[in-house]
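Novice: Coordinates only, no sequence provided:
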């Protein structure tokens, strides 16, 4: 009984010290804008048709450290990328592992790898036979501001390598140079709440 009480006190003390140093965990969510091919041309087109290539994400994060910190995340992401031939819809799990620094006041910057696992993919009525790799790696870089427990951030994500789709039962002869990249560039806007 005394050992259980002592262990409980030590664990609670650890959580309290983590909470005081800025470490902790929380939830996040927001919108994604995915660009295909030439990202900046896609971004210009977004102002003409803001509903195209927009997705969403929800997830959880942890934070270890204060001035310099490590922030692993587990995020469910749903994206839609529009092509002339149809829309590619992807559902995936993203695991960014970010290293950040509090620059001044509430402003922080961060960067790190993002590991992605594709859960589901659909290209309009075309059956997707095979995705070259269900698992890929990319890079996240961004900045955010924190107001107490509430945070707002924007980041840019880019895959390190291209990942292609194969189609079956399709009349599509060419599609964006005979391939569809499942790791498009993304701008990600998030709100986070530290619990």
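Specialist: Arrived safely, thanks for sending. Only a predicted model underlies this, so the values are computations on that prediction, with no experimental measurement involved.

Novice: Tell me where this protein is predicted with low confidence.
Specialist: 1-22, 35-52, 83-85, 124-133, 161-184 (pLDDT under 70).

Novice: Quick one: the helices in it, in order.
Specialist: Secondary structure of the chain (DSSP state H): helices located at 2-20, 39-48.

Novice: Give the buried residues for the strand with the most length in the chain.
Specialist: Assignment by DSSP state E gives strand 86-104 as the longest strand of the chain. Of all the residues in strand 86-104, those buried under the rule 16 or more other Cβ atoms under 10 Å are 86, 88, 90, 92, 94, 96, 98, 100, 102. To be clear about C-beta, it is placed using only N, CA and C from the backbone, and glycine gets the same treatment.

Novice: What is the burial count for residue 154?
Specialist: Residue 154 has 13 neighbouring residues, counting by other Cβ atoms under 10 Å.

Novice: and it, how far is that from residue 33?
Specialist: To residue 33, residue 154 is 10 Å away according to Cβ to Cβ, to the nearest Å.

Novice: where do the contact lists of the two overlap?
Specialist: By the contact definition Cβ atoms under 8 Å, 6 or more residues apart in numbering, residue 154 and residue 33 are jointly contacted by 187, 188.

Novice: how about the buried residues of strand 86-104 in a markdown table, adding distance to residue 190?
Specialist: Rendered in a markdown table, the data for the buried residues of strand 86-104 read as follows (distance: Cβ to Cβ, whole Å):
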| residue | distance to residue 190 |
| --- | --- |
| 86 | 28 |
| 88 | 22 |
| 90 | 18 |
| 92 | 16 |
| 94 | 12 |
| 96 | 11 |
| 98 | 12 |
| 100 | 13 |
| 102 | 17 |
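
Novice: wait, which of the residues you listed is closest to residue 118?
Specialist: The closest of the buried residues of strand 86-104 to residue 118 turns out to be residue 92 (Cβ to Cβ; 4.8 Å).
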